[in-house]
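Novice: any chance you could fold what I've pasted below:
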Amino acid sequence: MMELSGFVAVAVMLAAIVASEAKTTIEPCSGSDSCPALLGYTLYADMKVSEVAALFATDPSALLAANALDFAAPGAAHRILPAGLLLRVPARCACADGVRKSVAVRYAARPADTLATLADVVFAGLASADQIRNANGLADVDADAPLDAGQPLVVPLPCVCFNSSDSNLPALYLSYVVQVGDTVPAIAAGYETTVTDVMNVNAMGSPVAAPGDILAIPLPACASSFPKSASDHGLLVANGTYALTAGNCVQCSCGPGNLNLYCTPASLSGSCPSTQCSNSNVLLGNASTHATSAGCNVSSCSYGGFVNGTIKTLLNTGLQPKCPGPHQVPLLTDPPTIVNRDYSTSIPPLSAPAPAEAGGEMPEPPPSSSVQGGSFTLPRMSPADGPAGSVSDAPLLTSKPRKILSWFILCLFLHFHM
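Specialist: Residues are numbered from 1 along each chain as shown. So this is what the prediction gives:
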């Protein structure tokens, strides 16, 4: 039987055969500001939510919230997500070396890791071997040479801000790795935008993208107006999803009926500051109503940011024509058990979790949700023409054509484990 490390080596060797120059949309910048962004990450194996979160230095609950998956269910962080699933990973997009990028990820090399496997397998094409090499001063290290176990590495990841807007409307940008079989019209349709918008944002001369290219996709979002003194100043939430803030004491959602940010108390932290609006008995996210002959007197409590450990609330009162009904929020679902994609990879992580069914759970109280796990899609809305970025050639080790290669790798994996 072939050892797993040998199997991975064969897979990477095959990927190297079809390597190509990939293009990445970049945004020049100056200063030290940052913005929220999303990374489109395709799981290369069945992985626990906590594993993916640790890989990208984010919070498991925040990862689930960004994908409208039930983040409050018992044992949610230990749920196992299936290989091939495309997740939106929340990240801070900083300004480093004159361009926008995420520089928060720190990775400790495992036995048999190489720059090539990190780029193409572990980080699924979001980074290239050359980018990781340059970020860590490893000019003399071959991409296929094993790294020292435990060696700390910075992994730069692509992102853009573009003033967090698209055609003067709030937008959160997703870094999307183009797959074999993708076309720009199909990508645009999949995110319910236009080819013109995708081309403008990515400074494309023609609607053509190659596998491994990384496109910036603008997603309509709900913007906040918190003061600069708030630690969550600049909070953006993509339409149809959630974000957690104030130490996981507040959850904010966007949509589905409009693009107005809606925040309520979250039940993820054992100790939270008060969420009641001062001089009232109205709690955050709630409203009191009183119908009169002239209309409806409404007092509502909204979120004003997290300042010096305090949840700021704002009491809004006014007369409306009629009393409002219950607020509609995006539907939360269980983590999916299957993926409707035909180019998923099947290489298990070198530090694989114990055998378990994809989408299943580790020994913890069973999660509770009224929606069962299944195939996974997110609601999207239509932005118009976007800002123009620039494109750079980024050497990227990609499995091209990924569709054929992925199935071949899967066959190898099954063969050597029979």
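Novice: number of nearby residues for Ala291?
Specialist: 10 (other Cβ atoms under 10 Å). (Each C-beta comes from the backbone N, C-alpha and C, glycine too.)
Novice: check contacts around it.
Specialist: Taking Cβ atoms under 8 Å, 6 or more residues apart in numbering as the contact definition, Ala291 lies against 297, 323.
Novice: and if we set it to 6 Å?
Specialist: Cys323 (Cβ atoms under 6 Å, 6 or more residues apart in numbering).
Novice: partner strands of the helix or strand hosting it and their direction?
Specialist: Under the criterion DSSP states H and E, the helix or strand holding Ala291 is strand 287-292. Take DSSP bridges as the rule and strand 287-292 pairs in its sheet with strand 295-307 (antiparallel).
Novice: mind exporting the strand holding Ala291 as PDB, just the C-alpha atoms?
Specialist: Taking C-alpha atoms only, strand 287-292 is exported to PDB below (Å, rounded to 0.1, in the frame of the first residue of the first chain):
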ATOM      1  CA  ALA A 287     -39.500  47.400  19.100                       C
ATOM      2  CA  SER A 288     -42.500  48.400  21.100                       C
ATOM      3  CA  THR A 289     -45.500  49.600  19.300                       C
ATOM      4  CA  HIS A 290     -48.700  51.400  20.200                       C
ATOM      5  CA  ALA A 291     -51.500  51.800  17.600                       C
ATOM      6  CA  THR A 292     -53.400  55.100  17.600                       C
END
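Novice: can you pull out the helices in the protein?
Specialist: In the chain, the segments counted as helices under DSSP state H are 4-17, 49-55, 60-66, 115-117, 129-135, 184-190, 195-201, 402-416.
Novice: quickly, which of these bottoms out on average pLDDT?
Specialist: Among these, helix 4-17 has the lowest mean pLDDT, at a mean of 38.
Novice: let me know the outermost residue of this structure.
Specialist: Note on the chain: the largest separation between a C-alpha and the mean C-alpha position, by Cα atoms, centre = their mean, falls on Ser293 (48.2 Å).
Novice: and that residue, how far from Val180?
Specialist: Computed as Cβ to Cβ, to the nearest Å, the Ser293 to Val180 distance reads 65 Å.
Novice: and what of Tyr107?
Specialist: Distance from Tyr107 to Val180, counting by Cβ to Cβ: 26 Å.
Novice: just His233 next, same as before
Specialist: Using Cβ to Cβ, we find His233 at a distance of 40 Å from Val180.
Novice: what do you get for Asp142?
Specialist: Remark: distance between Asp142 and Val180 (Cβ to Cβ) = 26 Å.
Novice: so between the two, which is more surrounded?
Specialist: In terms of neighbours (other Cβ under 10 Å), Val180 is the more surrounded of Asp142 and Val180; the figures are 19 against 12.
Novice: okay, Gly374: pLDDT?
Specialist: In this model, Gly374 carries a pLDDT of 37.
Novice: re earlier: now the strand holding Ala291: average pLDDT?
Specialist: Taken as a whole, strand 287-292 has a mean pLDDT of 93.
Novice: now stretch 320-337
Specialist: In this model, stretch 320-337 has a mean pLDDT of 92.
Novice: just the endpoints, please. Distance across it?
Specialist: Stretch 320-337 has an end-to-end distance of 45 Å (criterion: Cα to Cα, to the nearest Å).
Novice: buried sites along it?
Specialist: When neighbours are counted by 16 or more other Cβ atoms under 10 Å, the buried residues of stretch 320-337 are found to be 329-330, 332-337.
Novice: for stretch 276-295, same thing?
Specialist: Using 16+ other Cβ under 10 Å as the test for burial, stretch 276-295 gives 276-277, 282-287.
Novice: same deal with stretch 111-120?
Specialist: By 16+ other Cβ under 10 Å, the buried positions in stretch 111-120 come out as 112-120.
Novice: for stretch 87-99, same thing?
Specialist: Counting neighbours by 16+ other Cβ under 10 Å, the buried set in stretch 87-99 is 87-91, 93-96, 99.
Novice: ditto for stretch 241-259
Specialist: Of the residues in stretch 241-259, those buried by neighbour count under the rule 16+ other Cβ under 10 Å are 241-255, 259.
Novice: what's the most distant pair in those?
Specialist: Across the buried residues of stretch 241-259, no pair lies farther apart than Gly247 and Leu259, at 25.5 Å, counting by Cβ to Cβ.
Novice: tell me where the stretch 151-300 of the chain has strands.
Specialist: For the stretch 151-300 of the chain, the strands defined by DSSP state E, counting those that start in this stretch cover 152-154, 157-158, 165-166, 169-177, 214-223, 236-238, 242-245, 250-253, 262-265, 287-292, 295-307.
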